[in-house]
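*Asks:* sequence first, predicted coordinates after that:
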Amino acid sequence: MPMNAPPEFNRAMENYSAARTTQEKIRWLEEALRWLPKHKGTENMRKQLMRRLAELRRQLLKEKSQKRGGGRSFLVPKMGYQATVWGFANSGKSYILSVLSGTEIKSTPVPLETDKPTPVMVESRGGKIQLVELPSYFEGFKGSKFESMVFASIRASDHLILVVDLTYDPEYQISTLTEILRENDIYPNEKRPPVKVEKQHSGGIRFVGEDLLEGDREEFMEVLQMFGIHNAVVVPYGRITPGDLFRALDEGAKFIPTLLLGNKSGFEEDFLKIQGFPKLLFRGKETADELFSAMNLIRVYTKPPRGEVSRTAVVLPKGSTPEDLAEELFGRRKVNQVRLWKDGRFRNVPKDYVLRDGDVIELR
């Protein structure tokens, strides 16, 4: 080991040696490089680790290209806003969806009873969302017939709900599920890294805001070359690592809003302490209203010109605009005029107006 290497570097290299998957190896090698001191005595070590990291990232791209696209025939056609529901076997997913939808979903103590995605509709104050129960996670899930089906369904959905069985360790359940999701390029409750890559016809690679790059410039160049980018302007609008750039360029990466839904009782306190996710405790039928709020959803009612206000609302994420509404309704974002109705009167609002829960909108 290089002279003056901190214990964090040594631990990262030990974890790297013990890692079994490509994703895990990349994670620990990135960690080791962060702790490796930068001086002349470590130059060769750093170059060797960076070359190995580049090889692993190329290997990961190849693995992902081979795995993607499975399970497409099992996808449930979307009916409005769709959330997939996943968790460990016997966590109570079927029971929860039965209660929320008022639709009986057969449930028994037999693990893995759900062998294909099962949809239901859940209504709250005029708005409906589609919840799709997925086959459960279990020991041996990796490589099973359910794996591609589950991940293809999550990729195609708008939201992910992870059901947590509160009769035992919630942290273990969440860490297990999120780890396998990340290994499959699905990032629960994360946003796409803050970087924009504008491809050019010539001029090589130019970084705008290089002070926001956390890592060696050579590592960032390696990532760009992996994706066949040799001429581009790279604009980070927040601090990024080479790994962040990799995820931002990976078109198959899925960054999905995620809610933790605690079911049963016992470890509620531990569940509520989990960081990084919105959380909700299942309380029966009344949870339907809480679900919309916890998932940051709004209900927008539409009104055609000289027509009546719709009884059913369009469900959209908070922060949506009339253009998002138009895309949901008509499959296009072009809007000429937007009217916001209230108490029988309207006022014109801009196309980038941020919609609110309960708004009545007329698109022209």
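*Replies:* Good, I have the coordinates. Note that the coordinates shown come from a computational prediction; the quantities given were computed from them, not determined experimentally.

*Asks:* okay, CA-based contacts and neighbour counts for the rest of this
*Replies:* Noted.

*Asks:* confidence score at the residue sitting nearest the centre point of the chain?
*Replies:* Most central in the chain under Cα atoms, centre = their mean is I256, positioned 2.0 Å from the mean C-alpha point. Note on I256: pLDDT of 97.

*Asks:* so what's it up against?
*Replies:* D158, H159, L160, I186, Y187, P188, N189, E190, K191 (Cα atoms under 8 Å, 6 or more residues apart in numbering).

*Asks:* quick one, strands of the stretch 1-150 of the chain?
*Replies:* Ranges of strands in the stretch 1-150 of the chain, per DSSP state E, counting those that start in this stretch, are 81-87, 118-124, 127-133.

*Asks:* buried subset of the contacts of I256?
*Replies:* Among these, those classed as buried by 16 or more other Cα atoms under 10 Å are D158, H159, L160, I186, Y187, P188, N189.

*Asks:* contacting residues for the third one?
*Replies:* Right, L160. So L160 contacts A83, T84, V85, W86, I154, P188, I256, P257, T258, L259 (Cα under 8 Å, 6+ apart).

*Asks:* could I get the pLDDT score of the third one?
*Replies:* Right, V85. 98.

*Asks:* check M1 too.
*Replies:* 46.

*Asks:* please apply the same query to E147.
*Replies:* Confidence score, pLDDT, at E147: 87.

*Asks:* neighbours of it, just the number please.
*Replies:* 18 (other Cα atoms under 10 Å).

*Asks:* not counting sequence-adjacent ones, nearest residue to it?
*Replies:* F141 (6.4 Å; Cα to Cα, 6 or more residues apart in numbering).

*Asks:* cool, L131 as well?
*Replies:* Per Cα to Cα, 6+ apart, closest to L131 is A83, 5.0 Å.

*Asks:* the one you found against D158, yeah?
*Replies:* Yes - counting by Cα atoms under 8 Å, A83 sits close enough to D158 to count as a contact (5.7 Å).

*Asks:* in a markdown table: the strands of the stretch 1-150 of the chain, plus mean neighbour count.
*Replies:* Shown next, in a markdown table, are the strands of the stretch 1-150 of the chain (neighbours: other Cα atoms under 10 Å):
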| stretch | mean neighbour count |
| --- | --- |
| strand 81-87 | 25 |
| strand 118-124 | 19 |
| strand 127-133 | 24 |
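
*Asks:* to E327, which of the ones you listed lies closest?
*Replies:* strand 81-87 (12.7 Å; Cα to Cα).

*Asks:* and the closest one, which strands flank it?
*Replies:* Note on strand 81-87: by DSSP bridges, its sheet partners are strand 127-133 (parallel), strand 159-165 (parallel).

*Asks:* and it, how far out from the chain middle?
*Replies:* 12 Å (Cα atoms, centre = their mean, to the nearest Å).

*Asks:* and the angle for that strand with strand 118-124?
*Replies:* 120 degrees (axes from the mean of the first three to the mean of the last three Cα atoms, to 10 degrees).

*Asks:* which other residues reach strand 81-87?
*Replies:* 93, 128-137, 153-154, 157-164, 173, 177, 315-316.

*Asks:* which elements pack onto the one helix or strand in the chain whose mean pLDDT sits lowest?
*Replies:* For the chain, scoring each helix and strand by mean pLDDT, DSSP states H and E identifies helix 43-67 as the least confident one, at a mean of 77. Judged by 3 or more Cα pairs under 8 Å, 6 or more residues apart in numbering; DSSP states H and E, helix 43-67 is in contact with helix 22-35, helix 217-226.

*Asks:* mean pLDDT and mean neighbour count for these - can I get that in CSV?
*Replies:* Output for the helices and strands packed on helix 43-67, formatted as CSV (pLDDT from 0 to 100; neighbours: other Cα atoms under 10 Å):
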stretch, mean pLDDT, mean neighbour count
helix 22-35, 86, 19
helix 217-226, 86, 17
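
*Asks:* so V335 versus T312, what's the distance?
*Replies:* Distance of V335 to T312, given as Cα to Cα, to the nearest Å: 21 Å.

*Asks:* which residues are contacting stretch 315-323?
*Replies:* 80-81, 127-129, 295-300, 325, 332-335, 338, 351-356, 361, 363.

*Asks:* repeat that for 7 Å
*Replies:* 81, 127-128, 296-300, 333-335, 351-355 (Cα atoms under 7 Å, 6 or more residues apart in numbering).

*Asks:* go on, stretch 167-180?
*Replies:* The contact list for stretch 167-180 (Cα under 7 Å, 6+ apart) reads V164, P188, K264, S265, G266, F267, D270, F271, I274.

*Asks:* top of the residues you listed by number of neighbours, please.
*Replies:* Result: V164 is most packed of the contacts of stretch 167-180 (other Cα under 10 Å), 29 neighbours.

*Asks:* tell me who's in contact with it.
*Replies:* G87, S91, P170, Q173, L260, L261, G262, N263.

*Asks:* likewise for P188?
*Replies:* Counted by Cα under 7 Å, 6+ apart, P188 has contacts T178, F255, I256, P257, T258.

*Asks:* okay, it: pLDDT?
*Replies:* 97.

*Asks:* then E133?
*Replies:* 95.

*Asks:* just grab the bridge partners of it for me.
*Replies:* V85, T118.

*Asks:* surely it is in contact with P117?
*Replies:* Yes - at 5.5 Å, E133 counts as touching P117 under the criterion of Cα atoms under 7 Å.

*Asks:* helices of the stretch 251-364 of the chain, residue ranges please.
*Replies:* 268-273, 287-294, 322-330 (DSSP state H, counting those that start in this stretch).
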